[in-house]
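Engineer: with the sequence up front, the predicted model follows.
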Amino acid sequence: MNTTSNGAAAGAAAQPRTWTCPFCSLLCDGFALEGGASLRLRGSDCPRARAGLAAFDDIGAPRASVDGAACDLDAALDAAADRLGAARLPLFGGLATDVQGMRTLYRLANVGGAILDHAHGEAMMPALRMLQDRGQMFTTLAEIRNRADLIVCIGTDAVSSHPEFFRRCAPAASQASACRVVFLAAGEGTPTAADIPWASAVEALRPPADVFDTVAMLAALVDGRRIDDADGELAALAEAMRSARYCVLVWEPARLPPQGALVGESLLRLLMNLNRKTRAGAFTLGGNDGAQTANGAMSWLSGLPLRSRVGPQGVDHDPLQYATGRLLDERAVDLLLWVASFTPELAPPATALPRIVLGHPALAAACAQPGTIFIPVATPGINADGHLLRADSVVSLPLHAVRDDGLPTVAEVAHALVTRLTVDAAAKEGVQ
Ligand code: SF4
C-alpha cells in the first residue's frame with residue numbers, strides 16, 4: 001500500500017506553504033508552521049491548534065495492532081476485513097476524516113450494509129432538524145466581514161470551540177467597522193472589547209430566563225408583539241436587530257440543552273421576520289473533527305444526512321435510532337468501526353463490541369487491547385493532503401501535508417478493506 005502521496009520528506013517540515021489548519025471547522029488558512037518533528041504555529045496563539053499540533057510530537061513509529069499484539073499493516077487489514085465481513089450490522093462512527101476518506105468509507109459501508117454517524121452527531125441534529133423542518137438562512141464568514149453591523153452570539157462565547165472566530169469576522173483593515181457584538185445568555189467569561197478590537201461595542205446580556213425562554217421572548221419582540229413584562233435589555237436588543245442593516249445570529253448547537261432544535265427553530269423564525277424588512281443570517285458554530293465534511297459527503301452521495309444506514313437494501317435515515325450512544329447501549333449493532341484522524345481527543349467509546357479503529361497515532365497505546373484492531377492513519381493538513389468543508393458549508397478547502405510520517409490515509413485504508421471484501425473475496429470463491 002502507498003503511504004501518503006504528499007511528497008513531503010520524512011520527518012522534515014516542508015517550507016510552510018499556505019497552511020490550512022484542520023483542528024476546527026473554521027479551517028484558518030492565514031497562519032504558518034515552523035519546525036519538523038515538532039510543529040509550531042506562527043501568527044496565532046490558538047490553543048486548539050497548538051494542542052492539535054503538540055499531539056504529533058514524539059509519535060515515534062506507530063504500529064498497527066490486533067487484540068493488543070503489534071503487527072504490520074497488511075495483517076491488521078486482513079483481520080479487519082475478516083471482522084467486517086462477519087459483522088451483521090456494523091456502525092461506522094467517529095468519521096473524523098476528509099472528503100476522500102468519507103467517500104471511501106461510504107463505499108465500504110455499502111459493501112455489507114452499515115450505519116454511519118459522526119462523533120458529534122448529537123450536536124449536529126438541532127441544525128439538521130431545523131433544516132429538514134423549516135429550511136435555513138445562513139451566512140458566511142465573508143458576508144459577516146463585509147456586511148455585518150450587529151453580531152448576536154446566543155448561548156455561546158464562540159471562542160471556546162472556535163478560538164479564532166472573531167479574528168475571522170474582522171473587516172478588512174481598509175474598511176471602517178461599525179459592528180457591535182452582543183453576547184446573549186452566553187455565561188461567564190465572554191470576550192471583551194479588548195478581545196474584539198475591531199468591534200464598535202462589545203456587550204454581554206444575561207437575562208434571568210433560560211435560553212429557550214430568552215430566544216422565544218426575543219423572537220416575539222422582534223416580531224413587534226407587545227409584552228408587558230418584557231426584559232428591558234432584551235427589548236432594546238430586539239429594536240437594534242430590527243434597525244440593523246445586516247444582523248448575524250451566531251449559535252452553537254453543541255452548547256444547547258436537550259431539545260435544542262426548538263431554539264434553532266425559534267432563531268429561524270426570528271431571522272425570517274427580520275428578513276422581511278432588512279437582511280439577517282445565521283452562522284452555526286459546529287462541524288469540528290470533519291463533521292461538516294462527513295455530513296456533506298454523505299448527503300451528496302446518498303441524498304440523506306448522517307445517522308443513515310446504507311447498503312444493498314438502499315438508504316434508511318433515522319436521526320434518533322441511529323445515534324452512536326443509543327446503538328451501542330442497546331447492542332443494536334455488532335461491530336464498531338471508529339475513525340479519528342485529527343486528534344487523539346476523539347477516542348473510541350468503550351464497548352464490549354469488537355472495534356476497528358482508524359486513528360490518530362497517539363491513540364495506539366489506548367487501543368492496543370483485546371477485541372480492538374488499531375490502524376494508525378495520517379491527518380489531513382499534517383502528514384497527508386486532503387479537503388475539508390468549512391463551518392459555513394460553502395467552501396471546500398485543500399489541505400497540504402507538511403511532513404510524511406509514512407502513514408496511510410483513511411481513504412487508502414478504507415479502499416484496501418473494500419478490495420479485500422469484494423475483489424479478493426470473489427477471487428477466493430472462484431478458486432474454490
Ligand atoms: S480557530 Fe480553528 S482552524 Fe483556526 S487556528 Fe484555531 S483550531 Fe485552527
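Structural biologist: Perfect, I can see it now.
Engineer: in the stretch 101-250 of the chain, which residue sits closest to the ligand?
Structural biologist: Glu164 (3.5 Å; C-beta to the nearest ligand atom). Where C-beta positions appear, they are placed from N, C-alpha and C, glycine not excepted.
Engineer: could I get the contacting residues of that residue?
Structural biologist: Residues touching Glu164, when contacts are defined by C-beta atoms under 8 Å, 6 or more residues apart in numbering, comprise Leu26, Cys28, Ser44, Cys46.
Engineer: can you give the contact residues for stretch 64-78?
Structural biologist: When contacts are taken as C-beta under 8 Å, 6+ apart, the neighbours of stretch 64-78 outside the stretch itself are 1, 63, 79, 364, 367-376, 408, 413, 416-417, 420.
Engineer: which pair of the contacts of Glu164 spans the longest distance?
Structural biologist: Between any two of the contacts of Glu164, the greatest separation by C-beta to C-beta is 11.0 Å, found for Leu26 and Ser44.
Engineer: of these two, which one has the most company?
Structural biologist: A side-by-side neighbour count of Leu26 and Ser44, using other C-beta atoms under 10 Å, places Leu26 first with 24 against 17.
Engineer: which residues does the closest residue to Pro253 other than its chain neighbours contact?
Structural biologist: Spatial nearest neighbour of Pro253, chain neighbours left out: Pro126 (4.2 Å); criterion: C-beta to C-beta, 6 or more residues apart in numbering. Neighbour list for Pro126: Pro253, Leu256, Gly260, Ala261, Val263, Gly264 [criterion: C-beta under 8 Å, 6+ apart].
Engineer: and the first one, what does it touch?
Structural biologist: The contact partners of Pro253, by C-beta under 8 Å, 6+ apart, come to Ala123, Met124, Met125, Pro126, Ala127, Gly260, Gly264, Thr284, Gly286.
Engineer: excluding chain neighbours, what is closest to the third one?
Structural biologist: It stands for Met125. With sequence-adjacent residues excluded and distances taken as C-beta to C-beta, 6+ apart, Met125 is closest to Pro319, at 5.6 Å.
Engineer: quick one, grab the pLDDT at that neighbour.
Structural biologist: Per-residue confidence for Pro319 comes out at a pLDDT of 91.
Engineer: gap between it and Met102?
Structural biologist: Noted for Pro319: a distance of 18 Å to Met102, by C-beta to C-beta, to the nearest Å.
Engineer: repeat for Pro253
Structural biologist: Shown here: Pro253 relative to Met102, a distance of 20 Å by C-beta to C-beta.
Engineer: okay, now the closest residue to the ligand within the stretch 251-400 of the chain: neighbour count?
Structural biologist: Ranked by C-beta to the nearest ligand atom, the top residue of the stretch 251-400 of the chain for proximity to the ligand is Asn288, at 8.1 Å. By the criterion of other C-beta under 10 Å, Asn288 has 25 neighbours.
Engineer: same question, Asp74
Structural biologist: Taking other C-beta under 10 Å as the neighbour definition, Asp74 ends up with a count of 12.
Engineer: assumed the residue nearest to Met125 was part of a strand.
Structural biologist: No. Secondary structure of Pro319, determined by DSSP: H, G, I helix; E, B strand; the rest coil: coil, with no strand assignment.
Engineer: from what I can see it touches Arg129, true?
Structural biologist: Yes. Taking C-beta atoms under 8 Å as the definition, Pro319 is a contact partner of Arg129 at 7.2 Å.
Engineer: just to revisit the earlier point, and of the contacts of Glu164, the nearest to Arg307?
Structural biologist: Proximity of the contacts of Glu164 to Arg307 was ranked by C-beta to C-beta; the top entry is Leu26 with 24.5 Å.
Engineer: contact partners for that closest one?
Structural biologist: When contacts are counted by C-beta under 8 Å, 6+ apart, Leu26 is found next to Leu141, His162, Glu164, Phe165, Arg168, Arg390, Ala391.
Engineer: got a list of what the first one touches?
Structural biologist: For Leu141, the set of contacting residues under the criterion of C-beta under 8 Å, 6+ apart consists of Leu26, Arg168, Cys169, Phe283, Arg390, Asp392.
Engineer: what subset of those is also close to the ligand?
Structural biologist: If you filter the contacts of Leu141 for contact with the ligand, counting by C-beta under 6 Å from any ligand atom, you are left with Leu26.
Engineer: number of nearby residues for Pro207?
Structural biologist: Pro207: 17 neighbours (other C-beta under 10 Å).
Engineer: do Arg326 as well
Structural biologist: 13.
Engineer: ditto for Met124
Structural biologist: Met124 has 25 neighbours, counted by other C-beta under 10 Å.
Engineer: assign it to helix, strand or coil.
Structural biologist: Classification of Met124 by three-state DSSP places it in helix.
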